[in-house]
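> what follows is a predicted protein model with its sequence.
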Amino acid sequence: MPTAEKVENAFNSLDGLYAAADLERKQVVVYMKERLTDEEMRDIVKKAGYIPGRFV
């Protein structure tokens, strides 16, 4: 069963990032000290075991 904590931990384990996930909405809000590229964010989501969607 997927957990929001798994995705949050993937982001929160990196320095300067804080994430809050809502799997019902299929949404993660990420706060960053320094901007990541879309590709870097996709890689984090993939490593957490999920398929990344679009970034806004």
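It's in.

> hey, where'd the helices end up in this structure?
Counting by DSSP state H, one finds helices in the chain at the ranges 4-12, 38-47.

> which one, of those, ends up nearest to residue 25?
With distances scored as Cβ to Cβ, the stretch of the helices of the chain nearest to residue 25 is helix 4-12 (10.3 Å). C-betas here are computed from N, CA, C, even on glycine.

> check the offset of that closest one from the chain's centre.
Its chain's C-alpha centre and that of helix 4-12 lie 6 Å apart, by Cα atoms, centre = their mean, to the nearest Å.

> same thing with stretch 7-19?
How far stretch 7-19 lies from its chain's middle: 7 Å, per Cα atoms, centre = their mean.

> avg pLDDT for that stretch?
Averaged over stretch 7-19, pLDDT sits at 95.

> residue 47 reaches residue 10, doesn't it?
Yes. With contact defined as Cβ atoms under 8 Å, residue 47 reaches residue 10; the gap is 6.0 Å.

> where's the closest residue to residue 32 other than its chain neighbours relative to residue 24, distance?
Nearest non-adjacent residue to residue 32, counting by Cβ to Cβ, 6 or more residues apart in numbering: residue 17, 5.6 Å away. According to Cβ to Cβ, to the nearest Å, residue 17 and residue 24 sit 22 Å apart.
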